[in-house]
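> Next comes the sequence, and after it the predicted model I'd like to discuss.
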Amino acid sequence: MVRNTYSSGRNEDRLHQPNGGNVAQQFVPEEMPGPHKRDMLAYNGSEASFNMNAMLLENIRSSDYFKQLSSICTWEELIDTIYYDVKEEIGCTPWLRGTHQSHRTSGMQSGLRGVSNAGKPTTAFMLLLKALTLRPTRYQLKEMLYHPDSPFIRAIGLYLLRYVCPPPELLHWFGPLLEDEEELALHGAGQPKVTIGYFARTLLRKLDFLGTRLPRLPVLVQREVEAALKPYAEADARLEEAEAAEGADGAERGGHHHHHASAKHGGGGGAAYERA
């Protein structure tokens, strides 16, 4: 039997370099301007998986697009790439619409062997994993959350924090954005838009999110989050129903809806407070 050395070699590479050459950014000495290691966001949980669902993570890592992102070495290059590559037609959900089945495959090693059948990750989520591997500083993340050029840059910043931010700090980051009114094409073209505020509240409120699972919050943090989200609970429940109904209707008719989900109009005061 001839041994497939190419395949085994490639598997060896993936074991030793699971992120395909995507590594942390270069930090500069304290006396120089630029990213400093002391300002790096401390990650909570697994630094190997970034607390991401195993199937989603494996699909991203096996993507040619993600492997090509190893050529990006700075945070500035990443932000530019998000701006140019994340398209409004596609949105920034975890999975490309229509490619992911929510049912689980069964059988031995189904988590890995079913990778190709699990769905295709969006460009946004491949760039999220790239952002996670770069190890951003707190300053870079704050810049990302309030970036004026694209709501997708802001959304990827919120995803990153939801996956790895130490839970007691979540409300510090999310709080000022809970009423942010900028619109986000989360689900892509022809689907209802949401506001950044609604998106932020949904990330905090849900564990099961659009075909993947977010990290569970500790009980005390969960209580704080529930208290912070209580003023929006009824409005968000109505918006979620409307979003689901309108999304289904749009899918049937190929409709072009311009509805956006927002619990409060004229909000965003929190964002102004954080920027000041």
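Arrived safely, thanks for sending.

> first to last residue in stretch 155-171, what's the distance?
16 Å (C-alpha to C-alpha, to the nearest Å).

> Give the rounded mean pLDDT of it.
Mean pLDDT, stretch 155-171: 97.

> Any buried residues in that stretch, and which?
If you call a residue buried by 16 or more other C-beta atoms under 10 Å, then stretch 155-171 has these buried ones: 155-165, 167, 170-171. All C-beta spots, glycine's among them, are computed from the backbone N, C-alpha and C.

> cool, stretch 226-234 as well?
Buried-residue list, stretch 226-234, by 16+ other C-beta under 10 Å: 228-229, 232.

> what's the answer for stretch 26-43, then?
Quick answer for stretch 26-43 (16+ other C-beta under 10 Å): 27, 35, 40-41, 43.

> so what pLDDT did residue 103 get?
47.

> Ok, residue 31 next?
pLDDT, read off for residue 31, is 76.

> Now the closest residue to residue 157 other than its chain neighbours: which helix or strand?
Leaving aside its sequence neighbours, residue 157 sits nearest to residue 144 (C-beta to C-beta, 6 or more residues apart in numbering; 3.6 Å). Assigned by DSSP states H and E, residue 144 belongs to helix 138-145.

> Which strands or helices does that helix pack on?
Packing contacts for helix 138-145, counted by 3 or more C-beta pairs under 8 Å, 6 or more residues apart in numbering; DSSP states H and E, involve helix 151-164.

> could you give the angle of the helix it packs on to helix 138-145?
130 degrees (axes from the mean of the first three to the mean of the last three C-alpha atoms, to 10 degrees).

> and residue 241, what helix or strand is that in?
Going by DSSP H and E, residue 241 is in helix 233-253.

> oh sorry, the question was meant for residue 79
helix 75-85.

> Next up, the contacts around the closest residue to residue 174 other than its chain neighbours.
Excluding its sequence neighbours, the residue lying closest to residue 174 (C-beta to C-beta, 6+ apart) is residue 200, at 5.2 Å. By C-beta atoms under 8 Å, 6 or more residues apart in numbering, the contact set of residue 200 is 158, 174, 177-178, 180.

> one more time with 10 Å
By C-beta atoms under 10 Å, 6 or more residues apart in numbering, residue 200 lies in contact with 145, 154-155, 158, 161-162, 173-180, 184, 194, 229, 270.

> just the helices in this protein please.
5-16, 54-61, 64-68, 75-85, 110-113, 115-118, 123-134, 138-145, 151-164, 170-174, 196-205, 219-229, 233-253, 269-275 (DSSP state H).

> Looking at those helices, which is nearest to residue 47?
helix 151-164 (8.3 Å; C-beta to C-beta).

> re earlier: tell me which of the helices of the chain approaches residue 92 most closely.
When the helices of the chain are compared (using C-beta to C-beta), the closest one is helix 123-134, at 3.6 Å.

> Just the C-alphas of the closest one, formatted as CSV.
Output of helix 123-134 as CSV, limited to C-alpha atoms (Å, rounded to 0.1, in the frame of the first residue of the first chain):
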residue,chain,number,x,y,z
THR,A,123,-16.1,35.9,4.9
ALA,A,124,-17.0,37.9,8.0
PHE,A,125,-16.5,34.9,10.3
MET,A,126,-13.2,34.0,8.5
LEU,A,127,-12.0,37.6,9.2
LEU,A,128,-13.3,37.3,12.8
LEU,A,129,-11.0,34.3,13.3
LYS,A,130,-8.1,36.3,11.7
ALA,A,131,-8.8,39.1,14.2
LEU,A,132,-8.8,36.6,17.1
THR,A,133,-5.4,35.3,16.0
LEU,A,134,-3.9,38.8,15.7
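
> Much appreciated, bye for now.
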